[in-house]
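*Asks:* Turn this into a model:
(2 chains)
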Amino acid sequence: MEKNNTPKGFPAFHVEIIPPKQDSVKLEDDLTLFAAKFERVMASGFTASITDNAMGLLAFQGHECIEELGLKARPGQVLIHLNTFHTKETLEEILTACQRLGIFSVLAISGDGSPRLPKLKPAEMEAEETEAVTSVELIRYIRRHYPLFTVGAAFNPYEPEKHEFEKLDRKLEAGAAFVITQPIIEKNSVVDRLLQDYPELPVTVEAWMSKKLYLLSDVVGYPIPEDAVFDPIDTLRRLRDIYPLCGTYLSLLGFKTQYELIEAMSPERREAR
Amino acid sequence: MKIVVCVKQVPATADARIDPETKRIIREGTKAVLNPFDLYAVEEAVRIRERAGGEVIALSMGPENAKNSLIEALSMGADRAVLLCDRAFGGSDTWATGYALSKAIEALGGADLIICGKQAVDGDTAQVGPGIAARLDIMQAANVSKVEDVDPGHIRVCRSNEYGYDLLRLRLPALITVLKDINIPRIPTLKNARKARQADIAVWTPSDIGADPGLIGLNASPTRVVKTEPPALRDSVTLHIDGGEPEKAAAALAGELFGRGLL
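*Replies:* Numbers count the residues shown, from 1 in each chain, chains lettered A, B, ... in the order given. Got it, this is the predicted structure:
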């Protein structure tokens, strides 16, 4: 995922895959779909970026889907998201299972809680001096106890800038080795500053692949009209022109309609054909 | 140790609607979930079995789709599940439900320990658990926040009260209802969730449990709902504070809250 280890400086895509929900009434169908998406991403040479109870909705963990379905995680092609809403026991289980599966990339995020999800405690993360566990404590803990892992962090260009950069410094000090931004849809001055001030830091920018742009309202902090016209593929092309040295994280990617277009954008895939 | 854990399927809180005519909760077309308090009951039952051995049986009464709640209990580690499902059970209040569940427990050959959630979030009565214990004429403790220990003949629990807790030693068989403080319910693993969805859930009718038809269902339920309505929505105001500096933003926020008498 780092920009210096991708072919010809053209980073692979991170394709977000959301595991089946815990309350799925068609679990086997959902697992079949998960497997198909995962295998397609592996075959494309992209990175499968697997979420962890996204938006606080209870889902199965990525590692258990991979293990239970007998999928093969290709080296360097799987990124597991890990948030702070776990018991210590579960956290250890996830990290141990990832090692067993040959997955050594983790995106550590604070995450969205829900009444059903427990929260890691500071003492469990050896961070008694803090009141609550954030991604900073999680990153430090993983780096301390699982040194083989490369740990990434989130970067939110919509937060107050000074605060976000201070937080970024704490994440980097804790051991974060790369960052993934919140979705951007055009040139972003905060991301520009990030690239300028941290030239060695691998940065992946998130591209919003849903046509429903208004769903981003909560992320960007201002209302986007429901009828806002948005072309995700066109925007993605523009983003890759604007940030050619950054990786691209694709959230809510349509596998039926958009995936082939994405593959066509990847030079290594074009060459393979 | 044979443990029966009683669970109920309830409407998801955010989706709950009330029929203005009948004053009853509209269950059709509403997302249903396992009663949140029952998650703690299932977790405690599974933990006791993991320590003391034995079997956990999840028991529920409701329509066919209440199986989903039993599947969740199985996913969490219950060994088997039984659903009381028949039109004759329909409309049962806490009195009739307590009777039906107690008859089912008898049909299961009894239990050493029965665990219920503190209450169901749809009715909020907290009556069914104690009702079962009364029907079975066994010891009970409501609002249990901790199980200290269990041996073949007794269970020691902390029962919360407004000043702290009582430490109680109950002779088995007994029934406890549990609070959310008691544990952190596990999130089912994919392996267990898949296995649970394949499990055979026994479906029992009144005759399977030897229930007196005159003691179940709407006609056997003395409760009359006179009036039920959702609480009035509170006015909400979204206030954006442009502080720039965190200290200034915090001061502005505190000023607003003080000004509105909220701090």
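
*Asks:* Point to the residue nearest the middle of chain A.
*Replies:* residue A:49 (5.3 Å; Cα atoms, centre = their mean).

*Asks:* Just the CA atoms of whichever strand or helix holds it, as CSV, please.
*Replies:* Assigned by DSSP states H and E, residue A:49 belongs to strand A:47-50. The C-alpha coordinates for strand A:47-50 follow below in CSV (Å, rounded to 0.1, in the frame of the first residue of the first chain):
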residue,chain,number,x,y,z
THR,A,47,-5.8,-4.5,-1.8
ALA,A,48,-8.9,-5.9,-0.1
SER,A,49,-9.6,-3.4,2.7
ILE,A,50,-12.0,-5.1,5.1
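
*Asks:* Sheet partners, orientation included, of it?
*Replies:* strand A:13-17 (parallel), strand A:78-82 (parallel) (DSSP bridges).

*Asks:* returning to what we had before: pull up the gap between the residue nearest to the centre of chain A and chain B, please.
*Replies:* From residue A:49 across to chain B, the span is 19 Å (Cβ to the nearest Cβ, to the nearest Å). Where C-beta positions appear, they are placed from N, C-alpha and C, glycine not excepted.

*Asks:* isn't that residue right next to residue A:18, touching?
*Replies:* No: in this structure, residue A:49 is not within contact of residue A:18 by Cβ atoms under 8 Å, at 9.9 Å.

*Asks:* what does the helix or strand residue A:194 falls within contact?
*Replies:* Assigned by DSSP H and E, residue A:194 belongs to helix A:189-197. Helix A:189-197 has contacts (Cβ atoms under 8 Å, 6 or more residues apart in numbering or on different chains) with A:155, A:157-158, A:161, A:164-165, A:168, A:179, A:181, A:184, A:201, A:203, A:205, A:243, A:245-246.

*Asks:* For it, output the C-alpha coordinates as CSV.
*Replies:* The C-alpha coordinates for helix A:189-197 follow below in CSV (Å, rounded to 0.1, in the frame of the first residue of the first chain):
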residue,chain,number,x,y,z
SER,A,189,-6.0,21.9,0.6
VAL,A,190,-5.6,19.9,3.8
VAL,A,191,-4.6,16.8,1.9
ASP,A,192,-2.2,19.0,-0.1
ARG,A,193,-0.6,20.2,3.1
LEU,A,194,-0.4,16.6,4.3
LEU,A,195,1.5,15.6,1.2
GLN,A,196,3.8,18.6,1.4
ASP,A,197,4.6,18.5,5.2
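
*Asks:* Enumerate the residues of chain A near chain B.
*Replies:* Contact residues (Cβ under 8 Å from any Cβ of the partner chain) of chain A with chain B: A:22-23, A:25, A:27-28, A:58, A:60-61, A:64-65, A:68, A:87, A:90, A:115-118, A:160, A:163.

*Asks:* The residues you listed in helices, which ones?
*Replies:* A:27-28, A:64-65, A:68, A:90, A:163 (DSSP state H).

*Asks:* Kindly reformat those residues as a markdown table and extend each row with distance to residue B:139 and pLDDT.
*Replies:* Converted to a markdown table, those look like this (distance: Cβ to Cβ, whole Å; pLDDT from 0 to 100):
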| residue | distance to residue B:139 | pLDDT |
| --- | --- | --- |
| A:27 | 40 | 96 |
| A:28 | 44 | 97 |
| A:64 | 40 | 97 |
| A:65 | 45 | 98 |
| A:68 | 42 | 97 |
| A:90 | 35 | 95 |
| A:163 | 56 | 95 |
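
*Asks:* Most neighbours out of these, which is it?
*Replies:* Highest neighbour count within those, by other Cβ atoms under 10 Å in any protein chain shown: residue A:65, with 21 neighbours.

*Asks:* got the contact list for that residue?
*Replies:* Neighbours of residue A:65 in contact, by Cβ under 8 Å, 6+ apart: A:19-20, A:31, A:34-35, A:38, A:50, A:71, B:190.

*Asks:* Tally up the residues packed near residue 30, please.
*Replies:* Since you didn't name a chain, this refers to chain A. Using other Cβ under 10 Å, residue A:30 has 18 neighbouring residues.

*Asks:* Chain B is the one I meant
*Replies:* 15.

*Asks:* Going by contacts, tell me the helices and strands next to the helix or strand hosting residue A:260.
*Replies:* Element membership for residue A:260, per DSSP H and E: helix A:259-265. Judged by 3 or more Cβ pairs under 8 Å, 6 or more residues apart in numbering or on different chains; DSSP states H and E, helix A:259-265 is in contact with helix A:232-242.

*Asks:* I'd like the distance from the helix it packs on to the chain centre, please.
*Replies:* 19 Å (Cα atoms, centre = their mean, to the nearest Å).

*Asks:* So for it, what gets flagged as buried?
*Replies:* Judged by neighbour count using 16 or more other Cβ atoms under 10 Å in any protein chain shown, the buried positions of helix A:232-242 are A:232-233, A:235-236, A:239-240.

*Asks:* now it: mean pLDDT?
*Replies:* Throughout helix A:232-242, pLDDT has a mean value of 94.

*Asks:* which residues are contacting it?
*Replies:* With Cβ under 8 Å, 6+ apart, helix A:232-242 has contacts from A:184-187, A:205, A:207-211, A:248, A:250, A:258, A:261-262, A:265.

*Asks:* Could you confirm whether the helix or strand in which residue B:115 is found reaches chain A?
*Replies:* Assigned by DSSP H and E, residue B:115 falls within strand B:113-117. No: counting by Cβ under 8 Å from any Cβ, chain A has no neighbours in strand B:113-117; the shortest distance is 13.8 Å.

*Asks:* How far off centre is that strand?
*Replies:* 9 Å.

*Asks:* Can I get that strand in PDB, CA atoms only?
*Replies:* Provided in PDB are the C-alpha atoms of strand B:113-117 (Å, rounded to 0.1, in the frame of the first residue of the first chain):
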ATOM      1  CA  LEU B 113     -31.200 -22.600  36.900                       C
ATOM      2  CA  ILE B 114     -33.500 -20.300  34.900                       C
ATOM      3  CA  ILE B 115     -32.100 -17.000  33.700                       C
ATOM      4  CA  CYS B 116     -34.100 -14.100  32.300                       C
ATOM      5  CA  GLY B 117     -33.200 -10.600  31.300                       C
END
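
*Asks:* Mind checking the pLDDT average for whichever helix or strand comes after it?
*Replies:* Sequence-wise, the next helix or strand downstream of strand B:113-117 (DSSP H and E) is helix B:128-136. The pLDDT scores in helix B:128-136 average 97.

*Asks:* What of stretch B:201-220?
*Replies:* Across stretch B:201-220, pLDDT averages out at 96.

*Asks:* Could you do stretch A:245-253 as well?
*Replies:* On average, the pLDDT along stretch A:245-253 is 94.

*Asks:* before we move on, what about stretch A:218-227?
*Replies:* Averaged over stretch A:218-227, pLDDT sits at 85.

*Asks:* Need the contact partners of it.
*Replies:* Outside stretch A:218-227, the residues that touch it by Cβ under 8 Å, 6+ apart are A:158, A:182-183, A:212-214, A:216-217.

*Asks:* which strands and helices sit next to the lengthiest helix in chain B?
*Replies:* Longest helix in chain B, counting residues (DSSP H): helix B:36-52. Applying 3+ Cβ pairs under 8 Å, 6+ apart, one finds that helix B:36-52 makes contact with strand B:2-6, strand B:55-61, helix B:67-76, strand B:113-117, strand B:139-150, strand B:174-178.

*Asks:* Show me which residues of chain B are close to chain A?
*Replies:* Residues of chain B lying near chain A (Cβ under 8 Å from any Cβ): B:33, B:36, B:39, B:68, B:72, B:184-185, B:187-191, B:193-194, B:197, B:244, B:246.

*Asks:* Fine by me, thanks again.
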